[in-house]
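Trainee: need coordinates for the below:
(one chain, ligands or ions: 1)
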Amino acid sequence: ASLDRITRRDGALGAFLTVQAEEALAAARAVDQKRARGEALGPLAGVPIGIKDALCTRDAPTTAGSRILLRPASKGEATLDPRRGFRPPYDATVVARLRAADAVLVGKTNLDEFAMGSSNENSAFFPARNPWDPSRIPGGSSGGSAVCVAAGLALGALGSDTGGSIRQPAALTGTVGIKPTYGRVSRYGLIAFASSLDQVGPFAADVRSAARLLGVIAGRDPHDATSLGAPVAAYEEACGRDVRGMRIGVPEEYFAEGIAPTVEKSVREALAGLASLGCELRPVRLPHTRYAVATYYVLATAEASSNLARYDGVRFGARAEGAESLGALYAKTRGEGFGREVARRIVLGTYVLSSGYYDAYYLRAQRVRTLIRRDFEEAFREVDVIAAPVSPTVAFPLGERVDDPLAMYLADIYTLPASLAGVPALSVPCAPTPAANGVPSLPVGLQLVGPPLEEARLCALAAAWE
Ligand code: GLN
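Mentor: As a prediction, the model looks like this:
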């Protein structure tokens, strides 16, 4: 049914870069056979799942949404075809865990190149489109994963969130998305963007399903030295938990100028909804919020410039033709292989790390990151969960911000602080905006942020309210 829906709907939505129909059917049959033999089935038996194409899969091409991971086209082949993507020799740990839980992986989902973007328009192939209004963006960078779930092409999906790339597309497509605590989920086999921020997490149509997916992928992985050994909590069971008396912090900094009135209204209604469940709303201050965009775009670009140095035309994918020296080979391959946004970030990141500027930019940004983390530590002395908007606006029209990187970066203003602090956060749908003036009804997300490793608490609250 999932493959059938993809065939019928995905031409107009662009959620998938590649679909592994044969492999998916074989996996589904294997689950049926297990069932017929009376064997125990995993918690995701037969569930179709989409995988962000930044995660390595041994049976499917992996592109990171970039030309630079494509094998060169031979005569007659289209130059830009994700099916010629890099073939990793191994599965990412999260992918291996889904398979071990008997999930059926249906395909690799669209994304902004190397997960850099907030609209999916930086995909080297084609943009994904929002099923609520296909003239609008679905958010990014995990836009394809969000669309895959929002349009019912699969029941769940994995994305990655470095500065909002799960929460923002979840908010803009009306799905549930969870960014776990940094280290809760293995990054082994996730193509690195900014390693101190990257986290893999789930998308689903409801909190309970997202919680189940999180339970499958979470936990210590010897292949990822930053993965945490703390026991994995019972996220799905937490979804029935009583939330009366929970103290909810409302940060005034997240309702400042720039928030669209319709978004604010929807989020405030959601907050009233939490109060009616017996939660106690309290104002909290996160005073360093206003530095988050600047801090993030120094640190994330610095890490990216280093992580992306490996795409040199020698080790993976594309290699430029006709270069006369090794230096020229690097330059030509990278010049042809990277899109504009990725190039911009490599240049920015190299600059902030360069001798003479390192102290002024990189080191200072590290210090501000600590202040942002301390804001959360202070707030969590007073409250159990922080509730806020995910995105200052609803999904915007395709093309609206492509020539204005700063406007695009501001889409992340409410998601970056939790990433910098390493704390868990999720997006759960609020009431969509009402249709007006030719603009259709569009989804709005409520962001719930918790102290480190308190994903279960966030699931409990989101499920009680959903
Ligand atoms: N939109 C942010 C960026 O462009 C966040 C991306 C992400 O979380 N991967 O960097």
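
Trainee: helix, strand, or coil at Pro72?
Mentor: Classification of Pro72 using DSSP: H, G, I helix; E, B strand; the rest coil returns coil.

Trainee: just Asp4 next, same as before
Mentor: Applying three-state DSSP: Asp4 is helix.

Trainee: what about it, neighbour count?
Mentor: Residues lying near Asp4 (other C-beta atoms under 10 Å) number 9. To be clear about C-beta, it is placed using only N, CA and C from the backbone, and glycine gets the same treatment.

Trainee: same deal with the one 5 residues further on?
Mentor: By the criterion of other C-beta under 10 Å, Arg9 has 15 neighbours.

Trainee: mind listing what it touches?
Mentor: 151, 153 (C-beta atoms under 8 Å, 6 or more residues apart in numbering).

Trainee: so the closest residue to the ligand within the stretch 351-466 of the chain versus Glu466, what's the distance?
Mentor: Nearest to the ligand in the stretch 351-466 of the chain, going by C-beta to the nearest ligand atom, is Asp412, at a distance of 4.7 Å. Counting by C-beta to C-beta, to the nearest Å, the gap from Asp412 to Glu466 is 24 Å.

Trainee: between the two, which one's more packed in?
Mentor: More crowded of Asp412 and Glu466, by other C-beta under 10 Å: Asp412, with 27 against 14.

Trainee: what's the closest non-adjacent residue to that one?
Mentor: Nearest non-adjacent residue to Asp412, counting by C-beta to C-beta, 6 or more residues apart in numbering: Gly164, 4.6 Å away.

Trainee: picking that back up, give me phi/psi at the residue of the stretch 351-466 of the chain closest to the ligand?
Mentor: Backbone torsions of Asp412, given as degrees, to the nearest 10, read phi -100, psi 10.

Trainee: ok, it to Arg5 distance?
Mentor: 31 Å.

Trainee: and for Ser276?
Mentor: 36 Å.

Trainee: so for these two, which sits in the more crowded spot?
Mentor: Set Ser276 next to Arg5 and count neighbours by other C-beta under 10 Å: Arg5 wins out with 16 against 9.

Trainee: and the strands in the chain?
Mentor: Applying DSSP state E to the chain gives strands spanning 16-19, 48-52, 104-109, 156-161, 176-179, 199-204, 247-251, 280-284, 385-389, 425-429, 445-449.

Trainee: most tightly packed of those?
Mentor: strand 176-179 (a mean of 32; mean count of other C-beta atoms under 10 Å).

Trainee: partners of that one in the sheet?
Mentor: Note on strand 176-179: by DSSP bridges, its sheet partners are strand 199-204 (antiparallel), strand 425-429 (antiparallel).

Trainee: how far does stretch 247-267 sit from its chain's centre?
Mentor: 22 Å (C-alpha atoms, centre = their mean, to the nearest Å).

Trainee: contacts for that stretch?
Mentor: So stretch 247-267 is contacted by 271, 274-275, 279-287, 289-290, 379, 382-389, 391-394, 410, 413-414, 430-434, 444, 446, 461 (C-beta under 8 Å, 6+ apart).

Trainee: please redo it, this time with the cut-off set to 7 Å
Mentor: 271, 274, 279-286, 289-290, 379, 382-389, 392-394, 410, 414, 430-431, 433, 444, 446 (C-beta atoms under 7 Å, 6 or more residues apart in numbering).

Trainee: residues from the stretch 301-450 of the chain in reach of the ligand?
Mentor: Asp412 (C-beta under 6 Å from any ligand atom).

Trainee: run through the stretch 301-450 of the chain and note the low-pLDDT ranges.
Mentor: Within the stretch 301-450 of the chain, the set of residues satisfying pLDDT under 70 is empty.

Trainee: could I get the full set of helices for it?
Mentor: 326-337, 340-353, 364-382, 405-409, 416-421 (DSSP state H, counting those that start in this stretch).

Trainee: ok, Gly152 - how many residues close by?
Mentor: There are 15 residues near Gly152, going by other C-beta under 10 Å.

Trainee: wait, what's in contact with Gly140?
Mentor: 111-112, 117-120, 165, 169.

Trainee: same thing but 6 Å
Mentor: Listed by C-beta atoms under 6 Å, 6 or more residues apart in numbering, the contact set of Gly140 reads 112, 117-120.

Trainee: state the distance from the residue of the stretch 351-466 of the chain closest to the ligand to Asn307.
Mentor: For Asp412, the distance to Asn307 - C-beta to C-beta - is 19 Å.

Trainee: and Val383, by the same measure?
Mentor: 35 Å.

Trainee: higher neighbour count, these two?
Mentor: Val383 (23 against 18).

Trainee: can you tell me the closest non-neighbouring residue to the more buried one?
Mentor: Val383 sits nearest to Gly249 (C-beta to C-beta, 6+ apart), 3.5 Å away.

Trainee: if the one you found is in a bridge, with which residues?
Mentor: Beta-bridge partners, per DSSP bridges, of Gly249: Arg282, Ile386.

Trainee: quick one: contacts for the residue of the stretch 351-466 of the chain closest to the ligand?
Mentor: Contacts of Asp412 by C-beta under 6 Å, 6+ apart are 118, 163-164.

Trainee: could you dump the residues you listed into CSV with distance to Asp312 and neighbour count added?
Mentor: Shown next, in CSV, are the contacts of Asp412 (distance: C-beta to C-beta, whole Å; neighbours: other C-beta atoms under 10 Å):
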residue, distance to Asp312, neighbour count
Ser118, 28, 28
Gly163, 26, 31
Gly164, 29, 32
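
Trainee: just the closest residue of the stretch 201-350 of the chain to the ligand, please.
Mentor: For the stretch 201-350 of the chain, C-beta to the nearest ligand atom, closest residue to the ligand: Ala300, 5.6 Å.

Trainee: all helices of the stretch 1-150 of the chain, in order?
Mentor: According to DSSP H, counting those that start in this stretch, the helices that the stretch 1-150 of the chain contains are 2-13, 21-36, 93-100, 143-150.
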